[in-house]
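Q: Following is a predicted model, sequence given first.
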Amino acid sequence: MSENDAPLGGTEATVIKIAQALQGRFRFFLFQANAHKCQSRCKHAPIPLEHAFQDHGCQGFLVINSWKVACRLRRAHPQKPIALWLHVHPGRHNRQMGKRLASADIDVFCVSKSHCESLKRFLLDGPMPKISHIYNPIADDLTPDTTPRDMNRLFFCSAPHKGLKQVLAQFDALRERLPNLTLEVADPGYLRWDVGPIPDGVWLRGRLPHDRLIARLRRSLCLFYPQDKFAETFGLVIAEANAVGTPVLVQRGLGANDEVTCTAEQLIEANNLDQLEARVRYWQRNFPRLQTDGRFRLIQIAGQWHEALSNMVSVGPGQASENILKPQISYG
């Protein structure tokens, strides 16, 4: 399976990148809830989740997002290393997760420094597991090219629950001042969400494979993301936009925005229409030259995961290719 086989969310894309980068050093098997629903999307069919609790041939489990599944695995595999790879902010109903993970000896990997700090604040009043972070990766070959840009085209490419209703409202107001603007909206399609009426000038592109999404980013003035309701734990599309030279408009101080954007001029107040207009007008006249942070490159992140997984199963890098590490992934 590759990123271009089907439109994917950021978590799925990240899991695929890491598994492919570590081929030959680890063998990965995917246990997934509702695995039968993925048969048409996956080149290699996932294994039903319930099999993970009976499988004793693995050396460790890496659980995506579901701390409750990680704790269930601990009861089924008391001697195996288990870690939680967290891509989301836990809700208030998860107050017990710190205590449960700590007692089960399950470490947590977050996807950014700010995500890590946010989780520690969330779990501050109780026992806490070991928490660290490894950034989500962007491809090593994502760089600017000579694709001509439409200086009136803005682009949004995230799930609609990530503030799209506010983004559309801000675009509608901004277009009253800059009537030539258009906004393309790409949606990975895994969630229905009420975003209200679609303003004039908005083009709904639906689900786009990754290569087409990147091509549209290259042609756009900016990634248009002025919303202050949804905090990204990493913001993969923000990093990818900067990698191909496309600036982003994101809320200052929200989630990982400050950490992932490569220049401060991309950080704005989402509800300040004057600021949005000024930034768009400035970029139309003086398009920025951007250079993304090398910390996010796949070659760096894959090395960090190789070290982390090798330590997790208690073997040296020279023996890692003989290991079987079976990650589990569960999407609700």
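A: That came in fine, so what should we check first?
Q: the helices in the stretch 101-250 of the chain, which residues?
A: 113-122, 164-177, 210-219, 236-243 (DSSP state H, counting those that start in this stretch).
Q: Out of the ones you listed, flag the one nearest Val195.
A: Counting by C-beta to C-beta, Val195 lies closest to helix 164-177 out of the helices of the stretch 101-250 of the chain; the figure is 4.4 Å. No exception for glycine: its C-beta is placed from N, CA and C like everyone else's.
Q: Quick one: mean pLDDT for stretch 138-152?
A: The average pLDDT within stretch 138-152 is 96.
Q: Show me which residues of the lengthiest strand in the chain are buried.
A: Selection of the longest strand in the chain by residue count, based on DSSP state E, yields strand 150-157. Across strand 150-157, burial judged by 16 or more other C-beta atoms under 10 Å covers Asn152, Arg153, Leu154, Phe155, Phe156, Cys157.
Q: how about JSON lines for those, with distance to Gly98 added?
A: Compiled in JSON lines, the buried residues of strand 150-157 are given as follows (distance: C-beta to C-beta, whole Å):
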{"residue": "Asn152", "distance to Gly98": "48"}
{"residue": "Arg153", "distance to Gly98": "44"}
{"residue": "Leu154", "distance to Gly98": "40"}
{"residue": "Phe155", "distance to Gly98": "38"}
{"residue": "Phe156", "distance to Gly98": "34"}
{"residue": "Cys157", "distance to Gly98": "33"}
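Q: and which of these is nearest to Leu254?
A: Nearest to Leu254 among the buried residues of strand 150-157, counting by C-beta to C-beta, is Phe156 at 15.7 Å.
Q: any idea how far the closest one is from Gly294?
A: Using C-beta to C-beta, to the nearest Å, Phe156 is found at 27 Å from Gly294.
Q: What is the nearest of the buried residues of strand 150-157 to Gln32?
A: Using C-beta to C-beta, the buried residues of strand 150-157 come closest to Gln32 at Cys157, 24.4 Å.
Q: ok, and the closest non-adjacent residue to the closest one?
A: What sits nearest to Cys157 in space, not counting adjacent residues and going by C-beta to C-beta, 6 or more residues apart in numbering, is Ala186, at 4.0 Å.
Q: The one you found contacts Ile214, correct?
A: No - assessed by C-beta atoms under 8 Å, Ala186 is found out of contact with Ile214, at 10.9 Å.
Q: ok now stretch 50-64, how far from the chain's centre?
A: 24 Å (C-alpha atoms, centre = their mean, to the nearest Å).
Q: Next, the buried residues of it.
A: By neighbour count on 16+ other C-beta under 10 Å, the buried set for stretch 50-64 is Ala52, Asp55, Cys58, Gln59, Gly60, Phe61, Leu62, Val63, Ile64.
Q: just the residues you listed: which has the poorest pLDDT?
A: For those, the pLDDT minimum is Asp55, 77.
Q: what's the burial count for the nearest residue to Arg192 once chain neighbours are set aside?
A: Once flanking residues are discounted, Arg192 sits nearest to Pro160: 7.9 Å by C-beta to C-beta, 6+ apart. Pro160 has 19 neighbouring residues, counting by other C-beta atoms under 10 Å.
Q: Equivalent analysis for the one 10 residues further on, please.
A: The local packing of Gln170 (other C-beta under 10 Å) involves 23 other residues.
Q: contacting residues for the closest residue to it other than its chain neighbours?
A: The shortest distance from Gln170 to any non-neighbouring residue, by C-beta to C-beta, 6+ apart, is to Pro226 (4.8 Å). For Pro226, the contact set (C-beta atoms under 8 Å, 6 or more residues apart in numbering) comprises Gln166, Val167, Gln170, Leu249, Val250, Gln251, Ile268, Ala270, Asn271, Leu276.
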